[in-house]
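Visitor: Generate a structure from the sequence data that follows.
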Amino acid sequence: MIIVLKQDAPDVQVREFCHELEDMGLQINDSKGSDTHILGLIGDTKAIAESWILANPVVETCRRVSEPYKKANRKFHPDDSVIDVEGVKIGGGNFAVIAGPCSIESEEQITYCAQRVKAAGASLLRGGAFKPRTSPYSFQGMRSEGLDLLKLARRATGSPIVTEIMNTEHLPLFENVDLIQVGARNMQNFELLKAVGRQKKPVLLKRGLANTLEEFVMSAEYIMAEGNENVILCERGIRTFETSMRNTLDLAGVVMLHKMTHLPVIVDPSHACGHAWMVPQLAKAAVAAKAIPNCNVCFVSGAEMQAPLTAFLTALSTVAPQSIGGSVPGDYFYCVLK
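Guide: Okay, the predicted model is just below:
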């Protein structure tokens, strides 16, 4: 259930109301945005009558929420969350690029890559020290030694570092990692999710290979339920029947996630397709997926725009006729459907 408070509600009365709700065994997710102040109730609210809530003088309105995720739900937290990773802001319209090698192989390799991605404008450096592989015979990463090399590269460039954790036993090794990644294969490793949720370090959570968006957000909820709300979601492509690419990038899912949750959503274009030549276009598409809904583009028909545009072009022709080809265009210039 979410409760929208009145803008002028006195703080003392709000605190008293919250104490009443907590005495009923409910947790409160308090979200104060630019225009709204919302209390999200977590727990069994079936016995609470909406009329009782609405009778309180600090309450504007209330409604029940059917989705199983609460802390990650945009209804509980209307404004975009912004996650700060050592000064790099992710979410809320901030633009960031995470780049680096798939796996760390040597000090020379990771340092060279770190310098290159830093020079190219990347905000954070990624590199795999622990590598989950489909085959047990494939290279599994340099493990703790790889983490040490990644930290050396951070020291050389100043870039915050991102790397993947595989299980709870490795958490002490990640104390000096700036952004902990939980990979696609561990998206529903609930013990690992709870463990990273009990520490306050930002978490980059990748979507599983064949998981629904609700399952994805519920995994984020596991982390947030333990007290860590610094979660970044990553769409990295899902398994479909298509074989020409490694995975299929679900850009529609990115748009839907922004509706479902206030958490930042980033895209991994390289894992999504498996082809280097596709990465630039998919990266641009990922930016557009967030940008286009916010750019206030609207459609105006030729018939609607003809009169005001003709008036503008007429005025312009008196000042700089060469800028419009020497004369005001006629009706042929407008596409008017009959």
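
Visitor: Please count neighbours and contacts with C-alpha atoms only from this point.
Guide: Will do.

Visitor: So Phe312 lies in a helix, does it not?
Guide: Yes. Using DSSP: H, G, I helix; E, B strand; the rest coil, the secondary structure at Phe312 is a helix.

Visitor: and it, how many neighbours?
Guide: Using other Cα atoms under 10 Å, Phe312 has 12 other residues around it.

Visitor: What of Val319?
Guide: 9.

Visitor: likewise Leu150?
Guide: That count, for Leu150 with other Cα under 10 Å as the rule, works out to 28.

Visitor: domains in this structure, as residue ranges please.
Guide: Split into domains by automatic domain parsing, the chain comes to 2-63, 83-294, 302-333.

Visitor: Most tightly packed of those domains?
Guide: Per-stretch averages of neighbours, counted by mean count of other Cα atoms under 10 Å, single out domain 83-294 among the domains of the chain, with a mean of 18.

Visitor: ok, which stretches of the stretch 1-150 of the chain are helices?
Guide: Applying DSSP state H, counting those that start in this stretch to the stretch 1-150 of the chain gives helices spanning 11-23, 50-54, 107-119, 144-157.

Visitor: how long is stretch 245-262 end to end?
Guide: In stretch 245-262, first residue to last residue: 30 Å (Cα to Cα, to the nearest Å).

Visitor: circling back to that earlier point, could you export the helices of the stretch 1-150 of the chain as JSON lines, including mean pLDDT and distance to Arg63?
Guide: Shown next, in JSON lines, are the helices of the stretch 1-150 of the chain (pLDDT from 0 to 100; distance: least, Cα to Cα, whole Å):
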{"stretch": "helix 11-23", "mean pLDDT": "94", "distance to Arg63": "15"}
{"stretch": "helix 50-54", "mean pLDDT": "93", "distance to Arg63": "8"}
{"stretch": "helix 107-119", "mean pLDDT": "96", "distance to Arg63": "47"}
{"stretch": "helix 144-157", "mean pLDDT": "96", "distance to Arg63": "47"}
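
Visitor: rewinding a little: with distance to Ala72 added, can I get the domains of the chain in JSON lines?
Guide: Converted to JSON lines, those look like this (distance: least, Cα to Cα, whole Å):
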{"stretch": "domain 2-63", "distance to Ala72": "10"}
{"stretch": "domain 83-294", "distance to Ala72": "5"}
{"stretch": "domain 302-333", "distance to Ala72": "42"}
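
Visitor: Now render the helices of the stretch 1-150 of the chain as a markdown table, adding distance to Leu205.
Guide: A markdown table is the format used below for these (distance: least, Cα to Cα, whole Å):
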| stretch | distance to Leu205 |
| --- | --- |
| helix 11-23 | 31 |
| helix 50-54 | 36 |
| helix 107-119 | 22 |
| helix 144-157 | 19 |
